[in-house]
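A.B. asks: Give me a 3D structure for the following:
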Amino acid sequence: LVVAELESVELGDDARLDGLALRGALPPDLAARAATLAGSRIAGSLAGARLPDLHLHDSELRYADVANVRAPRAALHRVTLRDCRLTGVQLGEASIRDARFTACRLDLAVLAQAKLERVVFAGCVLQDATFEQAQLRDVRFEHCDLTGATLGQVRLERVELAGCALQDVRSVTDLRGAAMPWPDLVEHAGTLAAALGIGVLDDG
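C.D. replies: A predicted model of the protein is given here:
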């Protein structure tokens, strides 16, 4: 990979960057439509960038700052993200396929109406993230914090949750179709019962 500084690359509308090791930071408030990043490694900051219709594929992000990036309708295919900050990232209507997020912060992330297929979230913070009307197929959440996440009208197919925090999840009844280990079901029995309107009788 060719080392390049994010502040000096030409990332504009329809631009394509390929085979780069990107570091540094993009200029503040950079805006580029339908840009492509391929076959690259990103360890810098994209924070605050406006990147609608972004194409990111065959790439790795590690210790990258993607906070508050606005990338509606983005396509993230064959990517890995590790120890990245994605607080407030906007990925509404995005396509995320063959991806792995490890130890990433996605609190307040917007994935409304996104399509996720063959995606793993491992050890991620997803507090107050929204998956409203998203489609998740072959997705696994491992030891993630989904406290306060919004799941309204989400569609799930072969989705697994293991060791996850689900306190105050909105529309928790829309988890129908998901699978959990038995100990997790027991742990979250109170949350699930409350969502279904099931009361608890005292022993007496």
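A.B. asks: only C-alpha atoms for contact and neighbour calcs from this point on.
C.D. replies: Noted.
A.B. asks: contacting residues for His77?
C.D. replies: Contacts here follow Cα atoms under 8 Å, 6 or more residues apart in numbering; on that basis His77 touches 56-58, 95-99.
A.B. asks: change it to 6 Å
C.D. replies: Applying Cα atoms under 6 Å, 6 or more residues apart in numbering to His77 gives the contacts 57, 96-98.
A.B. asks: Then Ser45?
C.D. replies: Contacts for Ser45 (Cα under 6 Å, 6+ apart) come out as 25, 64-65.
A.B. asks: Out of these, give me the one that has the most neighbours.
C.D. replies: Using other Cα atoms under 10 Å as the neighbour criterion, Ala64 leads the contacts of Ser45 with 25 neighbours.
A.B. asks: so where's this protein uncertain?
C.D. replies: Low-confidence segments of the chain (pLDDT under 70): 204.
A.B. asks: Break down it into its strands, ranges please.
C.D. replies: For the chain, the strands defined by DSSP state E cover 2-5, 16-18, 20-23, 36-38, 41-42, 55-62, 75-82, 95-102, 115-122, 135-142, 155-162, 178-179.
A.B. asks: out of those strands, deepest packed?
C.D. replies: Mean neighbour count (mean count of other Cα atoms under 10 Å) peaks for strand 41-42 among these, with a mean of 24.
A.B. asks: returning to what we had before: turn the strands of the chain into a markdown table, columns for distance to Ala49.
C.D. replies: A markdown table is the format used below for the strands of the chain (distance: least, Cα to Cα, whole Å):
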| stretch | distance to Ala49 |
| --- | --- |
| strand 2-5 | 16 |
| strand 16-18 | 16 |
| strand 20-23 | 15 |
| strand 36-38 | 14 |
| strand 41-42 | 14 |
| strand 55-62 | 14 |
| strand 75-82 | 16 |
| strand 95-102 | 19 |
| strand 115-122 | 22 |
| strand 135-142 | 25 |
| strand 155-162 | 29 |
| strand 178-179 | 34 |
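A.B. asks: coming back round to it: which of the contacts of Ser45 sits closest to Val119?
C.D. replies: Using Cα to Cα, Ala64 comes nearest to Val119 of these, at 18.9 Å.
A.B. asks: For the closest one, which residues are in contact?
C.D. replies: Ala64 makes contacts with 43-45, 84, as judged by Cα under 6 Å, 6+ apart.
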